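# I'll drop the sequence and a predicted model, then ask my questions.
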Amino acid sequence: MTDTMRAGMMNEWQGRAAAPDRGIGQAARTSSRRLNLADNRFDASPIPSGFEQLTRSLRKLILRGCSLSSRSYYSIRQLQFLSELDLSDKHLSSVLPNFIGNFSYLTLLHIQGCNLSGSLPSFLANLSKLDYLDLSFNELKKTDGRLDVIQNASSIQLEKIVLDHNKFQGMVPSFIFKLMKLEIISLSFNNFSGVVELGLFQNFKNLSVLNLSNKNQSIEDGGENRTTIFLCLLSELDVLDLSSNMIEGPLLIPPPSTSFFSISNNKLSGEIPMSICNTTSLRVLDLSRNQLRGQIPQCLGEISDALVVLNLQGNELNGTLLQTFKEEYNLQTLILVKIN
């Protein structure tokens with residue numbers, strides 16, 4: 001997931017943090033369905049009085065960056081009707097409290113940067129209404145058994161799963177390919193290994209973000225024609241990051257809907273095909289650190305008036321390009337290091 005996407009998502013939740021005591025009471029009287037208590041310390045003092053008034057009405061609770069005590073957890077566990085919970089950017093002593101598994105109405109769970117380690121919590125299988133799970137920037141690393149516990153919840157409706165910046169090992173978990181409603185799959189910066197075939201993602205008709213950047217795993221494209229067909233099926237794809245995956249062969253061409261495409265630091269060879277210029281929605285195009293050769297297609301200079309970043313560094317390309325960019329274009333970063 002990009003920083004812009006995360007920021008946009010959190011802006012949706014922006015609200016004025018309630019002040020102790022009086023603020024909680026006011027929230028209960030006015031807008032008791034959403035409560036933002038981010039960046040407070042509830043380890044030295046309890047959550048303010050009046051919180052219990054929200055037990056049945058509160059739907060969204062934001063506790064980003066908060067320090068919580070056992071007494072605070074007791075107050076939170078009473079909120080049985082929560083639909084959105086954000087516990088990000090806090091120390092959780094490596095494990096999540098099990099009572100979260102009792103929030104049967106939960107649709108969104110954000111637990112970024114909380115020092116979680118070990119396996120995914122087994123209670124995730126109980127959250128059948130969950131559609132957005134973000135556990136990025138933790139220390140999670142086990143995938144055997146416990147990670148696949150999600151596949152046992154046949155009714156789960158996950159649409160967005162973000163597991164970036166953890167230490168997951170082994171193959172990409174098989175349960176992901178059974179969640180046909182997924183719109184966001186973001187698994188970058190882990191220790192996944194083995195081979196992933198891109199064709200496995202062809203059934204995700206609503207997929208908008210696919211982030212598989214990973215230094216240890218290998219991605220097979222299944223042959224040029226097959227890959228082209230499957231990418232064309234992903235008509236909603238907006239972000240495609242396949243960087244650092246030991247991909248070999250000719251350059252893959254993303255769907256026309258793609259605005260961010262990175263396939264840097266792979267083993268791509270051959271020329272850049274002219275068909276890359278059909279991706280007219282691109283804002284970021286990163287083909288750096290491959291083994292691409294030949295002429296730079298002149299049409300790259302006219303690919304999109306929205307293009308912001310073009311990175312061709314670390315290839316064996318030749319030719320000229322700068323004169324093809326129109327003055328009114330928004331290009332901010334052009335990297336052509338070592339162009340012959």
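The structure has been received and is ready for your questions.
# just the terminal-to-terminal distance for stretch 189-206.
End-to-end span of stretch 189-206 (Cα to Cα, to the nearest Å): 24 Å.
# looking at this, F123 is in a helix?
Yes. Counting by DSSP: H, G, I helix; E, B strand; the rest coil, F123 falls inside a helix.
# any idea how far I263 is from it?
37 Å (Cβ to Cβ, to the nearest Å). C-beta coordinates here come from the backbone N, C-alpha and C atoms, glycine included.
# of those two, which one has the most company?
Neighbour count, other Cβ atoms under 10 Å: between F123 and I263, I263 has more, with 24 against 16.
# how close does the more buried one sit to E183?
Taking Cβ to Cβ as the measure, I263 falls 21 Å from E183.
# which stretches in the stretch 151-300 of the chain count as strands?
160-162, 169-170, 184-186, 191-192, 195-197, 209-211, 218-220, 239-241, 248-249, 260-262, 267-270, 284-286, 291-295 (DSSP state E, counting those that start in this stretch).
# make JSON lines from these and add mean neighbour count to it.
Below are those laid out as JSON lines (neighbours: other Cβ atoms under 10 Å):
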{"stretch": "strand 160-162", "mean neighbour count": "22"}
{"stretch": "strand 169-170", "mean neighbour count": "15"}
{"stretch": "strand 184-186", "mean neighbour count": "23"}
{"stretch": "strand 191-192", "mean neighbour count": "20"}
{"stretch": "strand 195-197", "mean neighbour count": "16"}
{"stretch": "strand 209-211", "mean neighbour count": "22"}
{"stretch": "strand 218-220", "mean neighbour count": "18"}
{"stretch": "strand 239-241", "mean neighbour count": "23"}
{"stretch": "strand 248-249", "mean neighbour count": "15"}
{"stretch": "strand 260-262", "mean neighbour count": "24"}
{"stretch": "strand 267-270", "mean neighbour count": "16"}
{"stretch": "strand 284-286", "mean neighbour count": "21"}
{"stretch": "strand 291-295", "mean neighbour count": "15"}
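# rebuild those strands as CSV, extending it with mean pLDDT and distance to G314.
Shown next, in CSV, are those (pLDDT from 0 to 100; distance: least, Cβ to Cβ, whole Å):
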stretch, mean pLDDT, distance to G314
strand 160-162, 95, 29
strand 169-170, 84, 29
strand 184-186, 95, 25
strand 191-192, 88, 24
strand 195-197, 83, 24
strand 209-211, 94, 21
strand 218-220, 75, 19
strand 239-241, 94, 17
strand 248-249, 88, 16
strand 260-262, 95, 13
strand 267-270, 94, 11
strand 284-286, 94, 11
strand 291-295, 94, 9
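# same list, the ones you listed, but as TSV with distance to G118 please.
Below are these laid out as TSV (distance: least, Cβ to Cβ, whole Å):
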stretch	distance to G118
strand 160-162	18
strand 169-170	12
strand 184-186	21
strand 191-192	14
strand 195-197	24
strand 209-211	23
strand 218-220	26
strand 239-241	27
strand 248-249	35
strand 260-262	31
strand 267-270	34
strand 284-286	34
strand 291-295	39
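# ok, which of those strands comes nearest G50?
Closest approach to G50 among those is made by strand 160-162 (32.8 Å; Cβ to Cβ).
# got any ranges where the stretch 51-200 of the chain has weak pLDDT?
52, 91-94, 142-156 (pLDDT under 70).
# how about the helices in it?
70-76 (DSSP state H, counting those that start in this stretch).
# for the stretch 201-340 of the chain, same thing?
Under DSSP H, counting those that start in this stretch, the stretch 201-340 of the chain gives helices at 224-233.
# what's the separation between D86 and Y132?
Relative to Y132, and taking Cβ to Cβ, D86 is found at 11 Å.
# need the overlap of contacts for the two.
Residues touching both D86 and Y132 by Cβ atoms under 8 Å, 6 or more residues apart in numbering: 108, 110.
# out of those two, which sits in the busier spot?
Between D86 and Y132, counted using other Cβ under 10 Å, the more crowded position is D86 (23 against 18).
# and the closest residue in space to I253 that isn't next to it in sequence, how far from P254?
Spatial nearest neighbour of I253, chain neighbours left out: S275 (5.2 Å); criterion: Cβ to Cβ, 6 or more residues apart in numbering. If you measure S275 against P254 using Cβ to Cβ, the figure is 10 Å.
# so what's L108 up against?
83-86, 130-132.
# out of the residues you listed, grab the one that's most surrounded.
Tallying neighbours with other Cβ under 10 Å puts L130 at the head of the contacts of L108, with 25 neighbours.
# hang on, the earlier thing: S275 and P254: who's more crowded?
Neighbour tally, S275 and P254, criterion other Cβ under 10 Å: the higher count belongs to P254, 26 against 12.
# does that one really touch D238, like I thought?
No. Look at P254 against D238 with Cβ atoms under 8 Å: they stay out of range, at 9.8 Å.
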